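here is a sequence with its predicted model. Questions after.
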Amino acid sequence: MNAVAEEGQSRSAPRSSGTRGRIGRKLVLSFVALVMLVVGGSGWVLYQQAVDSLEQQMSHHLEAEARLLANGQSGDVLIALRQGFEQFPLYRRLTDRLRRSQQMVGAKRIYVFDRNCRSLLDTKPRIPIGREYPHLKYRDRMELEDLWQGRSTHSTRFSDEGGVDFMTGYAPIFFGGVVVAGVGLDIGPPYGKAIRGFKRSIFLFAGISALLTLAVALGLARNITRPIRRLVTAAREIGRGNLDRRVDTPADDEIGYLGETMEEMRRNILARDVQLRQMLGGVAHEIRNPLGGIEIYAGLIAEDLPDNDPRKQHIQKVIAEVRTLDTVISEFLDFARPSPPDPERTSVSQMVEETAFLLSPEMERAQVAYTQEVAPDLEAYVDAEQIKRALFNLMKNAVQAMEPGGTLTVRAK
């Protein structure tokens, strides 16, 4: 019986709130994910737009500076430098002039090169005439095509070995109407710090937005899940038969409407339960009255018959069955008019012994042995009469379910 009861409980028991209370978590995650997607996507778009706008402004500035530097160079002198005369005083003066220009415009590097992408002048130390610039052939090949056609241009943004961003402006140097050389100007975009600060601001704004969204989502989830938990508790109480507790959900939305519907259901069930109890009480009274007459008249007949008359035994069986029916009717009346429990400290051993005594005639007829394993000092704070009725029903069901020769054991702890 214990195994069957435990199996029934495991099937009917609802899952714990820890395995089912996921609405709040889903709501919070959905809100945070949505805000992060919107804020992150918007921030990235704004960042790219800002970078593109600043790079466009920087490119115009670079090309203008490169054209100024190119206009200050003599094409015939540069043609002469192709011969590699680094030791000429003129070469040193031209290099010093480039370095002064470098300081004025804040450039990282200025260099002049021929159509073969070889160095003519360079502000970087120890760069001899004729040194090839690999980045001109590979990285900025498309820009040089515009340069040799006589147009100033600029490179895309790149990073040096230290991770600092730079851009290069190019301008052609003419001699006799022909492009004989080009000048390159490497400048770190002045907006680099602003862009990095803007990027940090975006991340900071996204983090603050996530925290605010988390707080709002937690509050919203709590406002939603709290009335839901109240409805779950109310539904469990209704399922247990506790119909006196009002379903109270102070909300004016769909959850509040659901609470009102559950409250209406509770009142309907309570009214129907009252009607059922009244009907059962009326039926029980109608049956008990003729049963009482049957028991009285059967008792009179039994008194008139001698003890050795077999008909007296039949009459006594009728009286016993009438009393059994009276017990069933009493149980119906107890259900129809449930009395409030009157608990007090009661000896469990005494309750079990009294119940077994009432059931002993039936156990003798069923040839069932009885054993009791209850500590004499074990007590419980219960209504003794109600518990004894429950024990009587349980023990009687056990006796009826056993084959002759079985043993009924009652244990308590």
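In hand now; what should we look at?

pull the longest helix from this protein.
helix 254-304 (DSSP state H).

from the chain's centre, how far out does that one sit?
Remark: helix 254-304 is offset 48 Å from the chain centroid, using CA atoms, centre = their mean, to the nearest Å.

for the stretch 51-200 of the chain, just list every one of the helices.
75-81, 89-105, 134-137, 141-148, 192-239 (DSSP state H, counting those that start in this stretch).

to L68, which of those helices lies closest?
With CB to CB as the criterion, L68 lies closest to helix 89-105 of these, at 8.3 Å. Where you see a C-beta, it was placed from the backbone N, CA and C, and this is true even at glycine.

pLDDT (mean, whole number) over that closest one?
On average, the pLDDT along helix 89-105 is 85.

tell me which other helices or strands that helix touches.
Here helix 89-105 touches helix 23-71, helix 75-81, strand 109-114, strand 119-122, going by 3 or more CB pairs under 8 Å, 6 or more residues apart in numbering; DSSP states H and E.

if we go to 7 Å?
strand 109-114, strand 119-122 (3 or more CB pairs under 7 Å, 6 or more residues apart in numbering; DSSP states H and E).

can I get those strands in a markdown table including mean pLDDT, distance to G299 and mean neighbour count?
Shown next, in a markdown table, are the helices and strands packed on helix 89-105 (pLDDT from 0 to 100; distance: least, CB to CB, whole Å; neighbours: other CB atoms under 10 Å):
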| stretch | mean pLDDT | distance to G299 | mean neighbour count |
| --- | --- | --- | --- |
| strand 109-114 | 92 | 127 | 21 |
| strand 119-122 | 90 | 133 | 22 |
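
how about the next helix-or-strand element following the longest helix of the chain: buried residues?
Using DSSP states H and E, the helix or strand that follows helix 254-304 towards the C-terminus is helix 310-336. Neighbour-count burial for helix 310-336, with 16 or more other CB atoms under 10 Å as criterion, is recorded at K312, I315, V318, I319, V322, D326, I329, F332, L333, A336.

describe which strands the next helix or strand after helix 310-336 pairs with in its sheet and in which direction.
Downstream of helix 310-336, the next assigned helix or strand under DSSP H and E is strand 344-347. Take DSSP bridges as the rule and strand 344-347 pairs in its sheet with strand 379-382 (antiparallel).

any idea of the mean pLDDT in whatever helix or strand comes next after the partner strand?
Once the chain leaves strand 379-382, the next helix or strand it forms, by DSSP H and E, is helix 384-401. Mean pLDDT, helix 384-401: 86.

also stretch 65-80?
Stretch 65-80 comes out at a mean pLDDT of 83.

what does stretch 44-51 give?
Taken as a whole, stretch 44-51 has a mean pLDDT of 78.

surely K199 meets L46?
No. K199 is beyond contact range of L46, at 10.4 Å (criterion: CB atoms under 7 Å).

the more surrounded of those two?
K199 (15 against 12; other CB atoms under 10 Å).

pLDDT at the more buried one, what is it?
pLDDT, read off for K199, is 73.

that one and Y47, how far apart?
According to CB to CB, to the nearest Å, K199 and Y47 sit 6 Å apart.

turn the helices of the stretch 51-200 of the chain into CSV, columns for distance to A375.
Shown next, in CSV, are those (distance: least, CB to CB, whole Å):
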stretch, distance to A375
helix 75-81, 114
helix 89-105, 101
helix 134-137, 95
helix 141-148, 98
helix 192-239, 34
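
figure out which of those helices is closest to L408.
helix 192-239 (32.0 Å).

figure out how far that closest one is from the centre of its chain.
Using CA atoms, centre = their mean, the mean C-alpha position of helix 192-239 is found 11 Å from that of the whole chain.

show me what that helix is packed against.
Counting contacts by 3+ CB pairs under 7 Å, 6+ apart, helix 192-239 is packed against helix 23-71, helix 254-304.

R151 - nearest residue in space that isn't next to it in sequence?
The shortest distance from R151 to any non-neighbouring residue, by CB to CB, 6 or more residues apart in numbering, is to P172 (7.3 Å).

mind listing what the one you found touches?
Counting by CB atoms under 7 Å, 6 or more residues apart in numbering, P172 makes contact with A70, L147, G150, S152, V179, G182.

bridged to the fifth one, which residues?
This points to V179. F174.

what sits against the nearest residue to A384 once chain neighbours are set aside?
Distance criterion CB to CB, 6+ apart; nearest residue to A384, sequence neighbours excluded, is T346 at 4.6 Å. Contact analysis of T346 by CB under 7 Å, 6+ apart lists E379, A380, V382, A384.
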